[in-house]
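Novice: turn this into a structure:
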Amino acid sequence: MDSLHTAGIRFAEALQAGPPWLEKFWISVTSLADPKCVFTICFPLAYFLDRKVGVSVLWIGLVSEWLNVVLKWFLFGERPFWWVHESGLARKQLVTLRQFPVSCETGPGSPSGHCMITGAALWPLVTALTALASRHSRSLVVKLSPFSAYVLLLLAVGLSRIFVLAHFPHQVVGGILTGAVLGWGLQGHTPATRTLGFFVAAGLALLLSSLVLHSLVITAGIDIDWSIRLATKWCSNPSWLRLDTRPFASISRDTGSALGLGLAASFSLPRGGRLDPWQRLASALLALVAIQVLHRFLQPTDVTLWYGTNFFKYAIGPWLVTFLLPRLVLSLTPPRRSPHTD
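Specialist: Numbers count the residues shown, from 1 in each chain. Coordinates of the predicted model:
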């Protein structure tokens, strides 16, 4: 593995040696492709495009993120920003690498969560857009444009993760392939049961299975927090270490989102409360703003309290998107008149 890691370090050096203007581009890409964005941006936009697609994006996102955490616990993937020091490569050879505020991920590195979760969650959206393009155009270029954009996006995300020293190339490739397979496989298995009980049970299953696996690994004498210690040791700036990069931050997000889907299933818009295109657009914009405000509000420093607050935020998000904000838009816009009213 050392030769594979060394080759990855040299590839990262080549990327960082590129034109200076590319630095902002790579950092922007890696920030926009953060798995959190699946829940806070992709889900609202997909939901107001098509309800089933939106639910599928959120469901696949939370399942694939849970799987990513489990894989990271058992694959023990290194991250470049600490491996280059722990391996002694930085002492033996000249290495010119820089860290960035988004470099200091605290979980294990394999496979890339950015690539795996984004690739899986966007699959139903890409499929829906491909079907829409096929219905409205006979051009092969138009039909293939959603999938082409999907491939280019994942390629850019992968390169950005290598650039910021969060992942090695083989971890990026593994994340992309795993994400695409998961998206394809889970797309047809989005829960048809829209009940609170089902999603509460799903959230509990994700939480309890994570706790059991975590306990089993510790019982086996494995140091499961090794990556947090290495990240803390080798991060250039302690303020760059974030709680939301820890494995249980993902678990709290996933279980909260599962509960949020259950809450969304328990509420419905009033009879005849279907949104027209302009109302969908207004609801989508409101949802994006409201969720960003929600996630900037309440940032406790205590770890346990932070996890609880994180769970609450992701539980309330789907309810805001699917019920509260559309109802608000319906109440603020005049009812549509029937063309036969006169």
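Novice: now the stretch 201-342 of the chain, which segments are flagged as low pLDDT?
Specialist: Within the stretch 201-342 of the chain, the segments meeting pLDDT under 70 span 268-273, 334-342.
Novice: right, and residue 150 touches residue 127 too?
Specialist: No - in this structure residue 150 lies outside contact range of residue 127 using Cβ atoms under 8 Å: 9.6 Å. Glycine gets a C-beta too; all of them are placed from N, C-alpha and C.
Novice: who has more neighbours, those two?
Specialist: residue 150 (21 against 18; other Cβ atoms under 10 Å).
Novice: where do the strands sit along the stretch 101-250 of the chain?
Specialist: With DSSP state E, counting those that start in this stretch, there are no strands along the stretch 101-250 of the chain.
Novice: where exactly do the helices run in it?
Specialist: Here the stretch 101-250 of the chain has its helices, by DSSP state H, counting those that start in this stretch, at 113-136, 140-163, 169-186, 196-219, 226-234, 247-266.
Novice: return the set of buried residues in stretch 296-315.
Specialist: 306, 307, 309, 310, 311, 312, 313, 314, 315 (16 or more other Cβ atoms under 10 Å).
Novice: alpha carbons only: can I get that stretch in PDB?
Specialist: Output of stretch 296-315 as PDB, limited to C-alpha atoms (Å, rounded to 0.1, in the frame of the first residue of the first chain):
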ATOM      1  CA  ARG A 296     -26.500  28.000  11.100                       C
ATOM      2  CA  PHE A 297     -28.600  28.200  14.300                       C
ATOM      3  CA  LEU A 298     -27.500  26.500  17.500                       C
ATOM      4  CA  GLN A 299     -23.900  25.400  17.300                       C
ATOM      5  CA  PRO A 300     -23.100  24.000  20.800                       C
ATOM      6  CA  THR A 301     -19.500  23.200  21.600                       C
ATOM      7  CA  ASP A 302     -20.300  20.200  23.800                       C
ATOM      8  CA  VAL A 303     -19.900  17.100  21.700                       C
ATOM      9  CA  THR A 304     -23.000  15.200  23.000                       C
ATOM     10  CA  LEU A 305     -25.200  18.300  22.800                       C
ATOM     11  CA  TRP A 306     -23.900  19.000  19.300                       C
ATOM     12  CA  TYR A 307     -24.900  15.500  18.200                       C
ATOM     13  CA  GLY A 308     -28.400  16.000  19.600                       C
ATOM     14  CA  THR A 309     -28.800  19.300  18.000                       C
ATOM     15  CA  ASN A 310     -27.600  17.900  14.700                       C
ATOM     16  CA  PHE A 311     -30.100  15.100  14.900                       C
ATOM     17  CA  PHE A 312     -32.900  17.700  15.500                       C
ATOM     18  CA  LYS A 313     -31.900  19.800  12.600                       C
ATOM     19  CA  TYR A 314     -32.000  17.000  10.100                       C
ATOM     20  CA  ALA A 315     -35.200  15.600  11.600                       C
END
